[in-house]
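1. Structure for this input, please:
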Amino acid sequence: MAEKRRVRIDLEYMGGRYAGFQWQDNALAIQQVVEQALEKLVNHQVRLNASGRTDAGVHAELQPTHADITTRMTDTELKRGLNSLLPWDIQALDVRTVHGKWNSRGDAKWKTYRYVILNREFPSVFDHGRVWHVKQPLDMAAMRAAAAHFIGEHDFSSFRSAGCSGKSPIKNLTAINIEKTGDKIVLHVTANGFLKQMVRNIVGTLAHVGKGKMKVEQMDAILVARDRQAAGPCAPAEGLCLVGVIYQDDLGEK
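-> Numbers count the residues shown, from 1 in each chain. As a prediction, the model looks like this:
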């Protein structure tokens, strides 16, 4: 007899064709696509929950999710069946049964996003849809100096976009690493949580510093202002990718 159980499903996806992770009334979302595929496999309604809501156009190399299902299928069979039904730009990296109280969102302790800027005169054919193309040379030293002001626990209201449903603007940002390889500037941002478009707003502000349109010394004042208008522009979605989520109890395996 089939038993009800909770499964963790680690997804990877290209977000270019979707209106973000969460269901939308008038646009296709990743949650909708995966739920409909799961429902075909287990023959009942499924609700998929994720570690966080990526916005329209944002990618994920690792998006942990969970769902409660009733089926006799093994975890391996579920993964194979799910991937056979999903489109090319959404795939399940792993499926495993977890403890019934394990929660992909509530149990997440740290998340890391990567943002990639292509900093050269011409765009890239091969990286189209995966990077932000910035023609003007960026001052790496200035960007790193500005980023240092955001490390620690702060009120990030100045980097919070309209419509954010986050309960508190106070987040603990533990790292912003900025490296340059060839024509690409790669930023990794780690925190215990993120507000809506927070990473993109931080990156847009750092790019403004790199262009000389803002000064490093302004960063503290921007945080104190708690006003979105005080910070720089929002960087485009295509350069952003969720790359890691850490849980206190690891996988919560059953």
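
2. From what I see, Thr205 and Phe159 are in contact.
-> Yes. Judged on Cβ atoms under 8 Å, Thr205 makes contact with Phe159 at a distance of 7.4 Å. In this view, the C-beta of every residue, glycine as well, is placed from N, C-alpha and C.

3. Find residues that contact each of the two.
-> Both Thr205 and Phe159 are in contact with Ala231, where contact means Cβ atoms under 8 Å, 6 or more residues apart in numbering.

4. which of the two has more neighbours?
-> Here Thr205 and Phe159 are compared on neighbour count by other Cβ atoms under 10 Å; more neighbours surround Phe159, at 32 against 27.

5. ok, now how distant is that one from Val199?
-> Distance of Phe159 to Val199, computed by Cβ to Cβ, to the nearest Å: 8 Å.

6. Leu28 now?
-> Counting by Cβ to Cβ, the gap from Leu28 to Val199 is 23 Å.

7. Between these two, tell me which one has more neighbours.
-> Ranked by neighbour count (other Cβ under 10 Å), Leu28 and Val199 place Val199 first, with 28 against 13.

8. Do a quick rundown of the strands in the stretch 151-254 of the chain.
-> Counting by DSSP state E, counting those that start in this stretch, the stretch 151-254 of the chain forms strands over residues 152-155, 170-181, 184-191, 240-247, given from the N-terminal end onward.

9. Leu82 is nearest to which of those?
-> Proximity of the strands of the stretch 151-254 of the chain to Leu82 was assessed by Cβ to Cβ; the nearest stretch is strand 240-247, lying at 19.3 Å.

10. List the buried residues of the closest one.
-> Buried residues in strand 240-247, counted by 16 or more other Cβ atoms under 10 Å: Leu240, Cys241, Leu242, Val243, Val245, Tyr247.

11. Nearest to Lys40, out of the residues you listed: which one, please.
-> Compare each of the buried residues of strand 240-247 with Lys40 using Cβ to Cβ and the shortest gap goes to Leu242, at 25.9 Å.

12. Could you measure from the closest one over to Asn103?
-> 17 Å.

13. Please apply the same query to Leu173.
-> In this structure, Leu173 lies at 23 Å from Asn103, with Cβ to Cβ as the measure.

14. and what of Trp132?
-> If you go by Cβ to Cβ, the gap between Trp132 and Asn103 works out to 33 Å.

15. between those two, who's got more neighbours?
-> Each of Trp132 and Asn103 has its neighbours counted (other Cβ under 10 Å); Trp132 has more, 21 against 17.

16. Touching, that one and Glu238? I think so.
-> Yes. With contact defined as Cβ under 8 Å, Trp132 and Glu238 form a contacting pair (6.7 Å).

17. Hmm, Arg8 is touching Pro64, no?
-> Yes. Counting by Cβ under 8 Å, Arg8 sits close enough to Pro64 to count as a contact (6.2 Å).

18. Give me the common contacts of the two.
-> Taking Cβ under 8 Å, 6+ apart as the contact criterion, the residues that touch both Arg8 and Pro64 are Ser104.

19. Give me the more crowded residue out of these two.
-> Counted by other Cβ under 10 Å, Arg8 and Pro64 do not tie: Pro64 has more neighbours, with 29 against 23.

20. quick one: pLDDT of the more buried one?
-> Reading off the confidence values, Pro64 has pLDDT 98.

21. List the residue ranges of the protein that fall below the pLDDT cut-off.
-> In the predicted model, the chain carries pLDDT under 70 at residues 1, 249-254.

22. care to break it down by domain?
-> 3-106, 109-244 (automatic domain parsing).

23. The last one spans what distance, first to last residue?
-> Across domain 109-244, the terminal residues are separated by 11 Å (Cα to Cα, to the nearest Å).
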